[in-house]
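> need a structure here:
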Amino acid sequence: MEDIDHTRTRVKRPQSNGMCERFHKTVKDEFYAIAFRKKLYASLEELQADLDAWLHYFNTERPHSGRYCYGKTPMTTFQDAKPLAKEKELDSQYLTPGVPDSKQRLSDQI
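Predicted structure coming up:
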């Protein structure tokens, strides 16, 4: 879907999935633990709406000190990286499979 590769982590090795594990801990500690103390949810949709609002805050307002963010929000980090990603995407169009650093267009080979 949308050219995103699905990968699996090694069995019984949580370090290989550390970013996801840390995110789950943050959601549990900063959202669920607080939300369930403050409010009794009548429906899953109500909980989902509050979680969506918290995720928006998490991604756009809450500064992160983790890898790659350096005190910025994830959205800012993503936006700052877009030009670099586009540059890499353009570079990859000119690489020949199996030949590192080749500037020959892939379409010229087919």
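
> where along this protein do the helices fall?
Along the chain, counting by DSSP state H, helices occupy 18-27, 33-38, 44-60, 74-93, 106-109.

> ranking these by mean pLDDT, which is last?
With a mean of 46, helix 106-109 has the lowest mean pLDDT of the helices of the chain.

> coming back round to it: any chance of the helices of the chain in a markdown table, with mean neighbour count too?
Where C-beta positions appear, they are placed from N, C-alpha and C, glycine not excepted. A markdown table is the format used below for the helices of the chain (neighbours: other C-beta atoms under 10 Å):
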| stretch | mean neighbour count |
| --- | --- |
| helix 18-27 | 12 |
| helix 33-38 | 10 |
| helix 44-60 | 13 |
| helix 74-93 | 11 |
| helix 106-109 | 10 |
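
> Quick one: closest of the ones you listed to Val11.
With C-beta to C-beta, the closest approach to Val11 among these belongs to helix 18-27: 14.5 Å.

> excluding its backbone neighbours, what's nearest the spatially most central residue of the chain?
Geometric centre of the chain, nearest residue: Pro74, 8.2 Å, by C-alpha atoms, centre = their mean. Nearest residue to Pro74, sequence neighbours excluded (C-beta to C-beta, 6 or more residues apart in numbering): Asn59, at 4.9 Å.

> Surely the one you found and Thr73 touch.
Yes - counting by C-beta atoms under 8 Å, Asn59 touches Thr73, with 6.5 Å between them.

> In CSV, list the C-alpha atoms belonging to stretch 65-72.
What follows is stretch 65-72, C-alpha atoms only, in CSV (Å, rounded to 0.1, in the frame of the first residue of the first chain):
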residue,chain,number,x,y,z
SER,A,65,13.9,14.3,22.3
GLY,A,66,14.3,11.0,20.5
ARG,A,67,16.4,9.9,17.6
TYR,A,68,16.2,12.2,14.6
CYS,A,69,13.9,14.9,16.2
TYR,A,70,16.4,16.7,18.5
GLY,A,71,13.7,18.6,20.3
LYS,A,72,11.5,19.3,17.3
